[in-house]
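Undergrad: here is the input, now give the coordinates:
(4 chains)
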There are 2 protein chains.
Amino acid sequence: MAAGDDRTARTSVRTITDLARLAGVSPGTVSRALAGKSLVNTRTREKIEALAREHGFRPNQMASGLRRQKTGVIGVVIPLGHDIRQQISDSFFMTLLGFLADELTTHGYDLMLRRVVPDSDPDWLDRFIGSGMIDGVIVIGQSDQFERIEEVADGYRAMVVWGNHTEGQRHCVVGTDNRLGGRLAAERLVAAGARRLAFLGDTGPMEFAARFAGAQDVAARMGLPAVRALATHLSPDRASEEIAGHLAACAGAIDGIFAATDTLAALCLAELRAQGLSVPEDIKLVGFDDLPIARQTIPPLSTVRQDIAVGARGLVDLLLRRLAGETTESLVLPPELVMRATA
Amino acid sequence: MAAGDDRTARTSVRTITDLARLAGVSPGTVSRALAGKSLVNTRTREKIEALAREHGFRPNQMASGLRRQKTGVIGVVIPLGHDIRQQISDSFFMTLLGFLADELTTHGYDLMLRRVVPDSDPDWLDRFIGSGMIDGVIVIGQSDQFERIEEVADGYRAMVVWGNHTEGQRHCVVGTDNRLGGRLAAERLVAAGARRLAFLGDTGPMEFAARFAGAQDVAARMGLPAVRALATHLSPDRASEEIAGHLAACAGAIDGIFAATDTLAALCLAELRAQGLSVPEDIKLVGFDDLPIARQTIPPLSTVRQDIAVGARGLVDLLLRRLAGETTESLVLPPELVMRATA
DNA sequence: GCGCCATTTGCAAACGATTGCAAGATTCCT
DNA sequence: AGGAATCTTGCAATCGTTTGCAAATGGCGC
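TA: Numbering: from 1, shown residues only, chains lettered A, B, ... in the order given. Next up, the predicted model:
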């Protein structure tokens, strides 16, 4: 821009060899200089760095990765179970992803994102791992692929999974204690006066199944009737009508609902209102996750909080440890009841 | 699992050369066979494919990428402007990201995600492009980096940006006609009876500035007082109190609010209620985006819709075209007014 | 049986950066 | 000044795959 801009013969400097030629040294020296190794003379290093800056040179990561046998990239994969569109707008996973990106970046890693449909590609995990493009993988959600993940875990160490922990499993997992979370939710419903409970959501995925089980625990312990399972999909469009159907069918038979997700809870709240039921007077409601939406519903949603930032940090921390050769235990995070106004 | 499982000497087959040795051919032939080139005999190809499958062999993408000078990876970068945590939970960007992932996958590309803070790393875009890891880049949101992006666009073709289009710009952009969107919103407010309008949100980012300008257009055309700008951050925690402050300060001076985002609108709705103002009676409100939350507020939010799926498809389509050497025009999508109950 | 095509294959040189080894340049000590 | 010890540097092999070129194989017609 300025007139005195010394764009000396913009000979594109693409490789380390080009730069070496300019600096009058060998490629090896340039490599060492840029890598900040102590073996290279301070003056030559500075000269090389200056040239590199001037020409906007950056070493090719592919070549570097190939030679060093590590890429500096962590794969993040989201398996989409039978309910294909399941997570597409699930803000929980998306928020987790955001935190993961930050966390990985601060540790100098890049993030390669892949969404896969295991049903149509049984090989999804091996394919990703075997691609040679990633140093390790974080699986977001076990979906219905628990077994597949277990198998892979036997032969591949650089993997950590977000999901539910079950006794004796072989893969390293980070996640909330869903069963405990389910208990907290149910206990709150009961404390608020509910006796005939229902669980709203698909009980297929492990996390949800555990939440449901937690609620059952409470019902059994308290001598209440078994918790009714009201199955729904997760995508808002389909969920709405399914919820409406369930509510109509259960009219008067339930007085407390534990929704698998805040998103479902919010939808449910709208349906309840539409059917003329008031919350928490007629029906108590508790959600799960404590997403931002939980504060914004009317009335504000009581829910069970998962700390997403802590979860992301845990995932990255464990993965890096494993990359460094440590063997790591799974990390189970405590859920926390957040009382607002719906129960 | 089955007893007859023929795990013949699990000699790990990691390279194409290993596989070649097993098949009794040269590495070159294996490469061609796996790439499905027509030059290789059908029988040898089948034999090689069978062996590859049996040993779960996958060619190393790094090496392949290095040699072919293309990686099969598209970079997606989210610049975080001055308001650092800006988009962390912004469901608009996250949803767009989800669609992008799907769209890229169906075209055989992987997605490398990077969030950057331009203020602390002025080199963010060149660094990403120069890394050699990606074949092209999609920038999500211009943030306050319009100029930087323009400069890069002059020397790098494989880039498409989500954001606002301004006359004569040099980078290829996909985005909603924000100014028109702003007009639609303001017109709706006026049609609903509002006369003293306010715009809620930061007018720094280009998209928002354009939306604000659109509202100004309407006010001017209608001979109304200028639209008041009520600046806020985007993160829900800070926004809430800022909104409360603005509302208190403007009490009685405004009767129509155009929020830069549905998220802000939802927050605003809660604050209005808290301050005893009813919507749409006392104050009309229109949002922007038509996120899922817009249907769930009470009353449901009138808003201006952006079609995220179409946007994602456009981004990918244009980028692939550019990778193929075409020169492409920017794509400006029409916003659409969605009337619900707040205006 | 021979020569000429058309197929298949192998060879070896890339792609760009890293690194063990050894040679060259300095420094330092006696 | 001589020699050892220490710094710097260059050389060349290597990571695993792709691909132009040439060699080998086979098929065919005459």
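Undergrad: show me where chain A has helices.
TA: Applying DSSP state H to chain A gives helices spanning A:16-23, A:27-35, A:42-54, A:61-68, A:91-106, A:124-130, A:146-155, A:178-191, A:206-222, A:236-250, A:262-274, A:293-296, A:308-323.
Undergrad: wait, which of these is closest to B:L318?
TA: Among the helices of chain A, the nearest to B:L318 by CB to CB is helix A:91-106 (24.0 Å). For glycine as for every other residue, the C-beta is placed from the backbone atoms N, C-alpha and C.
Undergrad: picking up where we left off before, adding mean neighbour count and mean pLDDT, write the helices of chain A out as a markdown table.
TA: Converted to a markdown table, the helices of chain A look like this (neighbours: other CB atoms under 10 Å in any protein chain shown; pLDDT from 0 to 100):
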| stretch | mean neighbour count | mean pLDDT |
| --- | --- | --- |
| helix A:16-23 | 18 | 94 |
| helix A:27-35 | 19 | 95 |
| helix A:42-54 | 15 | 94 |
| helix A:61-68 | 18 | 96 |
| helix A:91-106 | 21 | 90 |
| helix A:124-130 | 20 | 95 |
| helix A:146-155 | 15 | 94 |
| helix A:178-191 | 24 | 98 |
| helix A:206-222 | 21 | 96 |
| helix A:236-250 | 16 | 88 |
| helix A:262-274 | 23 | 92 |
| helix A:293-296 | 22 | 86 |
| helix A:308-323 | 20 | 97 |
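Undergrad: okay if I get those helices as TSV plus distance to A:R115?
TA: Shown next, in TSV, are these (distance: least, CB to CB, whole Å):
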stretch	distance to A:R115
helix A:16-23	36
helix A:27-35	35
helix A:42-54	37
helix A:61-68	23
helix A:91-106	10
helix A:124-130	10
helix A:146-155	16
helix A:178-191	23
helix A:206-222	18
helix A:236-250	19
helix A:262-274	18
helix A:293-296	23
helix A:308-323	17
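Undergrad: tell me the contacts of A:V77?
TA: A:V77 is in contact with A:113-116, A:124-125, A:128, A:137-140, counting by CB atoms under 8 Å, 6 or more residues apart in numbering or on different chains.
Undergrad: could I get those as TSV with distance to DNA strand D?
TA: Formatted as TSV, these follow (distance: CB to the nearest atom of the strand, whole Å):
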residue	distance to DNA strand D
A:L113	23
A:R114	19
A:R115	24
A:V116	22
A:W124	19
A:L125	19
A:F128	15
A:V137	19
A:I138	24
A:V139	24
A:I140	28
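Undergrad: which of these are close to chain B?
TA: A:113-115 (CB under 8 Å from any CB of the partner chain).
Undergrad: from these, which land in strands?
TA: Among those, the ones falling in strands (DSSP state E) are A:113-115.
Undergrad: list just the nearest of these to B:R157.
TA: So of those, ranked by how close each gets to B:R157 (CB to CB), first place is A:L113, at 23.8 Å.
Undergrad: my guess is that closest one contacts B:M112. True?
TA: Yes. Under the criterion of CB atoms under 8 Å, A:L113 makes contact with B:M112 at 7.4 Å.
Undergrad: domain parsing for chain A?
TA: Domain assignment for chain A by automatic domain parsing gives A:16-59, A:73-177+A:308-334, A:178-305.
Undergrad: how about the residues of chain A by DNA strand C?
TA: Where chain A comes near DNA strand C, counting by CB under 7 Å from any atom of the strand, the residues are A:14-17, A:27-28, A:31-32, A:34-35, A:59-60, A:63-64, A:66-68.
Undergrad: give me the subset of these touching chain B.
TA: Among these, the residues that sit close to chain B (CB under 8 Å from any CB) are A:59-60, A:63, A:66.
Undergrad: so which of the domains of chain A is nearest B:G311?
TA: domain A:73-177+A:308-334 (14.6 Å).
Undergrad: straight-line length of that closest one, end to end?
TA: One end of domain A:73-177+A:308-334 to the other measures 30 Å (CA to CA, to the nearest Å).
Undergrad: again, but for stretch A:117-128
TA: The first and last residues of stretch A:117-128 sit 13 Å apart, counting by CA to CA.
Undergrad: same thing with stretch A:170-179?
TA: Across stretch A:170-179, first to last residue, CA to CA, it's 19 Å.
Undergrad: now swap in stretch A:246-260 and tell me
TA: Calculated as CA to CA, the first-to-last residue distance of stretch A:246-260 is 15 Å.
Undergrad: surely A:P118 touches A:G81?
TA: Yes. Counting by CB under 8 Å, A:P118 touches A:G81, with 7.2 Å between them.
Undergrad: what do those two both touch?
TA: By CB under 8 Å, 6+ apart, the residues touching both A:P118 and A:G81 are A:143-145.
Undergrad: which single residue in the stretch 101-250 of chain A comes nearest to DNA strand C?
TA: A:G132 (12.8 Å; CB to the nearest atom of the strand).
Undergrad: need the contact list for that residue.
TA: Counted by CB under 8 Å, 6+ apart, A:G132 has contacts A:71, B:58-63.
Undergrad: make TSV out of those and add distance to DNA strand D.
TA: Formatted as TSV, those follow (distance: CB to the nearest atom of the strand, whole Å):
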residue	distance to DNA strand D
A:T71	12
B:R58	7
B:P59	4
B:N60	3
B:Q61	8
B:M62	7
B:A63	3
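Undergrad: need those residues in JSON lines with distance to B:L96, can you?
TA: Compiled in JSON lines, these are given as follows (distance: CB to CB, whole Å):
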{"residue": "A:T71", "distance to B:L96": "26"}
{"residue": "B:R58", "distance to B:L96": "30"}
{"residue": "B:P59", "distance to B:L96": "32"}
{"residue": "B:N60", "distance to B:L96": "32"}
{"residue": "B:Q61", "distance to B:L96": "26"}
{"residue": "B:M62", "distance to B:L96": "29"}
{"residue": "B:A63", "distance to B:L96": "33"}
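Undergrad: between those, which is nearest DNA strand C?
TA: B:A63 (6.6 Å).
Undergrad: nearest residue to that closest one other than its sequence neighbours?
TA: Sequence neighbours aside, A:L66 is the residue nearest to B:A63 in space, at 5.4 Å (criterion: CB to CB, 6 or more residues apart in numbering or on different chains).
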